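Trainee: any chance you can model this:
(one chain, ligands or ions: 1)
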Amino acid sequence: ESGERRGKAERLFRLMDGFRRNDPVSLQKDILDHVEFTVARSRFNFDDFEAYQALSHSIRDRLIERWHDTQQYFKRKDPKRLYFLSLEFLMGRSLSNSVINLGIRDNCADALNQLGFEFEVVAEQEGDGALGNGGLARLSACQMDSLATMDFPAWGYGLRYQYGLFRQVIFDGFQYEQPDYWLNFGNPWEIERVHVSYAVKFYGNVEEELLNGEKCKVWVPGEMVEAVAYDNPIPGYGTRNTINLRLWAAKPSDQHDMESFNTGDYINAVINRQGAETISSVLYPDDRSYQGKELRLKQQYFFVSASLQDIIRRFKDSHSNFDEFPDKVALQLNDTHPSLAIPEVMRILVDEEHLEWSRAWGIVCKLFSLTSHTVLPEGLEKVPVDLLGSLLPRHLQIIYDINFFFMEDLKKHFGLDYDRLSRMSIVEEGAVKSIRMANLSIVCCHTVNGVSRVHLELLKTRVFKDFYELWPQKFQFKTNGVTQRRWIVVSNPSLCSLISKWLGTEAWIRDVDLLLGLREHAANADLQQEWNMVRRVNKMRLAEYIETMSGIKVSPDAMFDVQTKRIHEYKRQLLNLLGIIHRYDCIKNMNMNERRKVVPRVCIIGGKAAPGYEIAKKIIKLCHAVGEKINNDSDVGDLLKLVFIPDYNVSVAELVIPGSDLSQHISTAGHEPSGTGSMKFLMNGCLLLATADGSTIEIIEEIGEDNMFTFGAKVHEVPALREKGSALTAPLQFARVVRMVRDGYFGFKDYFKSLCDALDGNGDFYLLGHDFGSYLEAQAEADKAFVDREKWTRMSILSTAGSGRFSSDRTIGEYAEKTWGIEPCRCPF
Ligand code: 4GP
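Mentor: Model prediction:
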């Protein structure tokens with residue numbers, strides 16, 4: 001019977017696909033149509049970029065069909081839906097990902113070929129969608145891919161910034177930031193929904209009104225801005241399901257400010273209205289530090305308010321009783337950035353739907369879950385009360401009320417322990433009275449998630465200790481994961497084919513645990529040879545890129561040793577640089593015979609520094625200064641090169657990661673909540689050199705300590721080491737390399753002074769001195785392994801084989817079951 005049903009579904013599927021056919025000839029016809037009618041170029045004369053535009057529109061048509069089917073199916077089935085609220089999504093490019101998920105990559109390549117274009121070249125025309133900073137934002141993108149692929153009824157909500165993350169330009173070794181106006185050349189992947197728009201209110205005051213004899217609060221706003229939806233279809237792999245990422249853009253509201261139009265100052269009234277658009281104009285480039293800026297707060301509320309209006313409208317389409325709301329809706333807060341959603345839902349339920357406070361609070365407490373992405377106290381958002389009260393007067397009252405009831409409960413639970421009460425209070429008294437967004441979130445969320453096992457430990461024992469003691473059952477962890485669709489299939493197609501060949505199936509692309517099957521072939525000489533071939537070609541591609549970017553010629557015979565991520569003191573790019581200086585110093589002091597034994601290295605560093613983060617910017621400059629010296633030293637030649645890759649972003653990562661031999665994840669233990677870069681390198685068969693921090697601890701367990709290079713203090717040792725100061729434990733070599741920088745060996749003596757000062761004795765907060773010795777040992781181990789080709793290749797294969805656990809499919813499966821309570825809802829045709 002099920003065969004019959006399947007047969008019917010397949011017939012329908014074919015029928016549906018008859019809409020837009022996917023054979024190369026139909027694709028060509030569509031591409032030409034779009035060249036002529038969408039791009040408005042002659043079909044006899046168009047270039048690579050126009051081919052990209054036309055192909056993208058052809059793919060978008062197919063995405064829209066699937067998107068419609070999926071949304072209609074969800075509507076009919078009315079399952080509980082997950083709404084993923086995130087202020088940042090780092091999507092990267094869409095074309096390759098879409099055609100792969102739709103299963104039409106080869107047909108598209110054929111179609112283009114016959115028109116005289118090459119798929120890779122055309123795909124390169126696309127700019128990156130960089131609406132986020134770092135790990136948190138890329139994680140959201142990976143999770144959207146998994147949600148779609150696993151058929152979950154999910155929606156993403158975010159902001160459509162006009163300027164994404166700044167472009168990093170290096171001039172004379174210094175970082176400069178340039179705006180990323182990513183929409184300049186159009187964005188074929190989004191659908192503007194002029195009719196899906198909501199008014200978002202700001203400022204004003206709260207008045208009381210009588211309704212049926214009861215007093216109720218009414219917020220009379222001082223400003224209104226319109227939020228317009230832009231939909232970005234997210235296709236799943238191996239499924240028809242295509243979910244939605246809805247991003248909001250700010251537009252002046254029609255209801256805005258009638259007054260000024262009546263005063264006769266028409267021109268100024270129009271100009272003032274344009275100001276509304278600034279709300280969604282620019283992404284804040286600081287990860288992990290918050291300055292309590294009004295615009296940032298406006299962005300947060302703008303996106304939260306529009307999203308909730310949309311979600312509630314959808315709920316009300318088929319439901320009238322708000323008690324059912326938590327059965328149909330799960331709201332995920334991606335860090336505390338969207339946490340104004342909590343008082344906003346309360347406001348809607350109490351002020352607009354007229355539910356009684358305790359009933360509303362009961363509903364709200366079943367809706368929300370939070371994932372924290374930080375361990376640093378300075379990463380916890382605080383909003384000055386004055387600012388919040390002026391921008392959102394009613395929300396401030398609601399937060400005070402929530403806090404009042406919470407404090408009453410606490411007193412019942414812990415007695416009058418005022419220290420504890422003031423630590424846990426949502427309101428922080430002090431020089432600047434503020435609202436603690438994390439406390440607000442924890443009080444209301446049913447689940448608080450860490451992003452790795454050790455991260456949860458840190459949340460429980462340090463960051464949110466008091467809350468853990470009160471509500472142990474709220475705290476969970478879901479180790480992060482990344483999508484193998486983007487990080488193997490799209491970015492490393494030849495490795496992808498090789499894996500499928502040796503596993504005898506492509507099923508691992510959906511069922512990633514199958515990668516474990518590679519373990520039994522890890523020592524097979526044929527696989528090893530093919531594996532190395534693939535890796536070598538990727539390295540050559542990277543070498544070519546490096547030469548084009550920087551003019552530095554590097555040899556693919558060398559070990560490519562990579563550290564690419566945001567620049568942060570805790571991530572210790574400085575430790576890497578000091579290690580490179582040490583290596584250089586050793587080579588300089590060797591005789592010819594000794595030099596012959598050195599394993600050649602190309603050290604690659606890439607990453608952006610937040611614009612106001614002085615120390616991170618100095619680290620970038622130091623990297624260039626050291627590179628300048630080493631790369632031009634004829635004593636060293638090919639034995640050592642140091643390259644900085646500018647403007648590291650998703651598409652650069654797609655090139656760098658498959659071409660790396662070794663990658664470094666060397667944060668001071670206890671500082672990296674998870675880390676996801678490591679997982680991408682692991683999937684691509686790159687060996688890791690790492691501290692036992694964040695998810696690396698779990699990677700070590702999964703692939704075994706023998707298959708990577710680990711070093712450094714452990715999480716539990718760090719506090720005591722810090723107490724002692726690392727002056728005593730730092731090896732002599734450490735003092736020597738720091739002195740080289742301090743004495744101006746690489747120039748810019750005064751500029752680097754503060755970097756060196758921070759490493760002295762007790763000041764060495766990130767324990768570079770303490771970890772330096774074991775870091776050098778781990779590096780020496782890596783050298784030794786690299787010359788044993790059989791061993792290295794085996795380790796590389798075992799890395800990929802063990803990477804399945806770090807797929808976002810696993811993470812999302814866990815969230816769905818343990819946190820959100822949602823089930824797959826697979827669109828049948
Ligand atoms: C990052 C964490 O630093 C990183 O360890 C983690 O893997 C990632 O989130 C995803 O969970 N945090 C941020 C941020 O990117 O902006 O706080």
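Trainee: contact partners for the residue in the chain positioned nearest to the ligand?
Mentor: Closest approach between the chain and the ligand, counting by CB to the nearest ligand atom: G135, at 2.9 Å. All C-beta atoms are positioned from the backbone trio N, CA, C, and that covers glycine. The neighbourhood of G135, defined by CB atoms under 8 Å, 6 or more residues apart in numbering, consists of D287, H373, K565, R566, S674, G675, T676, G677.
Trainee: give me the nearest residue to the second one, chain neighbours excluded.
Mentor: Spatially, and ignoring its direct neighbours in sequence, H373 is nearest to L136 (4.6 Å; CB to CB, 6 or more residues apart in numbering).
Trainee: count the neighbours of that neighbour for me.
Mentor: Neighbours of L136 under the rule other CB atoms under 10 Å: 26.
Trainee: mind listing what it touches?
Mentor: Applying CB under 8 Å, 6+ apart, the residues near L136 are S86, E88, D287, N334, D335, H373.
Trainee: same question for F117.
Mentor: D48, A51.
Trainee: and it, how far from M144?
Mentor: Distance of F117 to M144, computed by CB to CB, to the nearest Å: 29 Å.
Trainee: just E547 next, same as before
Mentor: For E547 relative to M144 (CB to CB), the value is 35 Å.
Trainee: please apply the same query to L210.
Mentor: 46 Å.
Trainee: those two: which is more packed in?
Mentor: A count of neighbours by other CB under 10 Å puts M144 above the other of L210 and M144, at 26 against 8.
Trainee: now for the more buried one, which secondary structure element holds it?
Mentor: helix 135-149 (DSSP states H and E).
Trainee: how far away from the center of its chain is that helix?
Mentor: With CA atoms, centre = their mean, to the nearest Å as the basis, helix 135-149 stands 7 Å off its chain's centre.
Trainee: and the helix or strand following it, what other elements does it pack with?
Mentor: Proceeding N to C from helix 135-149, the next assigned helix or strand is strand 154-159, under DSSP H and E. Applying 3 or more CB pairs under 8 Å, 6 or more residues apart in numbering; DSSP states H and E, one finds that strand 154-159 makes contact with strand 81-85, helix 135-149, strand 242-252, helix 294-318.
Trainee: ok, the first one: who's next to it in the sheet?
Mentor: Each strand pairing with strand 81-85, determined using DSSP bridges, is listed with its direction: strand 154-159 (parallel), strand 329-334 (parallel).
Trainee: wait, does the next helix or strand after that strand contact the ligand?
Mentor: Next in sequence after strand 81-85, counting helices and strands by DSSP H and E, comes strand 89-92. No - figure legend: strand 89-92 not in contact with the ligand (CB under 6 Å from any ligand atom); closest approach 9.5 Å.
Trainee: so what touches strand 89-92?
Mentor: Outside strand 89-92, the residues that reach it (CB under 8 Å, 6+ apart) are 128-134, 137-138, 140-141, 144, 156, 158, 165, 232, 245, 247, 486, 649-651, 654.
Trainee: near the ligand, which residues of the protein?
Mentor: Residues of the chain that fall close to the ligand, judged by CB under 6 Å from any ligand atom: 133-136, 139, 287-288, 373-374, 379, 451, 480, 672-676, 694.
Trainee: what pLDDT does the residue lying farthest from the centre of the chain get?
Mentor: Distance from the C-alpha centroid of the chain peaks at G213, with 50.2 Å (CA atoms, centre = their mean). pLDDT for G213: 85.
Trainee: quick one, what contacts W820?
Mentor: W820 makes contact with K80, L82, A330, Q332, S369, according to CB under 8 Å, 6+ apart.
Trainee: try it again at 10 Å.
Mentor: 80-84, 152, 154, 329-332, 369, 447, 812, 814 (CB atoms under 10 Å, 6 or more residues apart in numbering).
Trainee: ok, now F477?
Mentor: Applying CB under 10 Å, 6+ apart, we find F477 in contact with 371-372, 448-457, 459-460, 673-674, 695, 814.
Trainee: just the ones of these in strands?
Mentor: Those of those mapping onto strands are T371, V448, N449, G450, per DSSP state E.
Trainee: how many residues are close by the nearest residue to the last one once chain neighbours are set aside?
Mentor: Beyond its immediate neighbours in the sequence, the residue positioned closest to G450 (CB to CB, 6+ apart) is L456, lying 3.5 Å away. With neighbours defined by other CB under 10 Å, the count for L456 comes to 22.
Trainee: surely L456 touches R462?
Mentor: No - counting by CB atoms under 10 Å, L456 does not reach R462; the two are 11.2 Å apart.
Trainee: where does I604 land in three-state SS?
Mentor: strand (DSSP: H, G, I helix; E, B strand; the rest coil).
Trainee: quick one: secondary structure of the closest residue to it other than its chain neighbours?
Mentor: In this structure, I604 finds its nearest non-sequential neighbour in V562, 4.5 Å apart by CB to CB, 6+ apart. Of the three states, V562 takes strand according to three-state DSSP.
Trainee: which residues does V562 contact?
Mentor: Counted by CB under 10 Å, 6+ apart, V562 has contacts 542, 576, 602-606, 643, 645, 656-657, 659-664, 677, 681, 686, 689.
Trainee: same deal with E36?
Mentor: S42, R43, F44, F46, A54.
Trainee: ok, then the element right after the lowest-mean-pLDDT helix or strand in the chain?
Mentor: Lowest by mean pLDDT, DSSP states H and E among the helices and strands of the chain is helix 258-262, with a mean of 62. As assigned by DSSP H and E, the chain's next helix or strand after helix 258-262 is helix 266-274.
Trainee: got the angle between that next one and strand 242-252?
Mentor: In terms of direction (axes from the mean of the first three to the mean of the last three CA atoms, to 10 degrees), helix 266-274 departs from strand 242-252 by 150 degrees.
Trainee: which parts of helix 266-274 are buried?
Mentor: A269, R273 (16 or more other CB atoms under 10 Å).
Trainee: what residues are up against the residue nearest to A109 when sequence neighbours are not counted?
Mentor: Nearest residue to A109, sequence neighbours excluded (CB to CB, 6+ apart): F119, at 4.0 Å. Residues near F119 by CB under 10 Å, 6+ apart: 51, 55, 95-96, 99, 105-106, 108-113.
Trainee: before we move on, back to that, pull out the buried members of the residues of the chain next to the ligand.
Mentor: 133-136, 139, 287-288, 373-374, 379, 451, 480, 672-676, 694.
Trainee: out of those residues, which are inside helices?
Mentor: G135, L136, L139 (DSSP state H).
Trainee: how about the last one, what does it touch?
Mentor: Taking CB under 10 Å, 6+ apart, we find L139 in contact with 86, 88-90, 132, 334, 371, 373, 451, 480-482, 674, 676, 808, 811.
Trainee: my read: N133 touches Y284, true?
Mentor: Yes - using CB under 10 Å, N133 is in contact with Y284, at 8.1 Å.
Trainee: who touches both of those two?
Mentor: With CB under 10 Å, 6+ apart as the test, N133 and Y284 both reach L87, E88, L165, A610.
Trainee: looking at these, which one is closest to V35?
Mentor: Nearest to V35 among the shared contacts of N133 and Y284: L165, at 31.4 Å, using CB to CB.
Trainee: what helices or strands is the strand or helix carrying that closest one leaning on?
Mentor: Using DSSP H and E, L165 sits in strand 164-171. When contacts are defined as 3 or more CB pairs under 10 Å, 6 or more residues apart in numbering; DSSP states H and E, strand 164-171 packs onto strand 89-92, strand 129-131, strand 174-180, helix 614-631, strand 640-645.
Trainee: angle of that strand against strand 640-645?
Mentor: Using the same axes, to 10 degrees: strand 164-171 against strand 640-645 is 140 degrees.
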